[in-house]
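> I need the structure of the sequence given here:
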Amino acid sequence: MASILRVNTLTDASSNNSTAMSTINQGTAKSWCRWESVGSVSVGDSFNHASITDNATGDQSLTVTNAFANVQYAHSGTAGLGAQSLINISQQQDVFNATTTAARYETTYVNGTAYDCSSINISLHGDLA
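Numbers count the residues shown, from 1 in each chain. Below is the predicted model of the structure:
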């Protein structure tokens, strides 16, 4: 039988360092994904992630399982290719509008050339619908 624990605040054993449940809920990533795009795209691990689409070199779209409340959710990420540390990742908001369930990302070398990477990591923060 499932149980429900209802609390307003979490605190440590000494009753110090209290945190409101709303802060915990609002501050956690609602979706994250780690994938590689060298060769065929493959997801290493993820949370609230439904699918990934390889659109072209250095260009992938992610779809989440549970929709965000609006398109104003925050994107943060990193990308790399072995010893190459000059890889940029950007959410392609100007070209392909994000939806409440999908966003498109581009990985490029510092000179702007699209590049497939061995490690791409995205974390999404916002309110779920």
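> what's the distance between Ser123 and Ala20?
Separation of Ser123 from Ala20 (Cβ to Cβ, to the nearest Å) stands at 22 Å. Glycine gets a C-beta too; all of them are placed from N, C-alpha and C.
> between these two, which is the more surrounded one?
Taking neighbours as other Cβ atoms under 10 Å, Ser123 and Ala20 compare with Ser123 leading, 17 against 12.
> so where do the strands sit in this protein?
Per DSSP state E, the chain carries strands over the ranges 9-10, 19-20, 31-36, 42-47, 49-56, 59-64, 74-80, 87-91, 102-109, 119-125.
> so can I have JSON lines of the ones you listed showing mean pLDDT and distance to Ala2?
Converted to JSON lines, the strands of the chain look like this (pLDDT from 0 to 100; distance: least, Cβ to Cβ, whole Å):
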{"stretch": "strand 9-10", "mean pLDDT": "84", "distance to Ala2": "20"}
{"stretch": "strand 19-20", "mean pLDDT": "83", "distance to Ala2": "24"}
{"stretch": "strand 31-36", "mean pLDDT": "95", "distance to Ala2": "24"}
{"stretch": "strand 42-47", "mean pLDDT": "95", "distance to Ala2": "21"}
{"stretch": "strand 49-56", "mean pLDDT": "95", "distance to Ala2": "25"}
{"stretch": "strand 59-64", "mean pLDDT": "95", "distance to Ala2": "25"}
{"stretch": "strand 74-80", "mean pLDDT": "90", "distance to Ala2": "32"}
{"stretch": "strand 87-91", "mean pLDDT": "83", "distance to Ala2": "37"}
{"stretch": "strand 102-109", "mean pLDDT": "92", "distance to Ala2": "31"}
{"stretch": "strand 119-125", "mean pLDDT": "93", "distance to Ala2": "27"}
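> would you reformat those strands as JSON lines and include distance to Met1?
Formatted as JSON lines, these follow (distance: least, Cβ to Cβ, whole Å):
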{"stretch": "strand 9-10", "distance to Met1": "24"}
{"stretch": "strand 19-20", "distance to Met1": "28"}
{"stretch": "strand 31-36", "distance to Met1": "30"}
{"stretch": "strand 42-47", "distance to Met1": "26"}
{"stretch": "strand 49-56", "distance to Met1": "30"}
{"stretch": "strand 59-64", "distance to Met1": "30"}
{"stretch": "strand 74-80", "distance to Met1": "38"}
{"stretch": "strand 87-91", "distance to Met1": "43"}
{"stretch": "strand 102-109", "distance to Met1": "37"}
{"stretch": "strand 119-125", "distance to Met1": "33"}
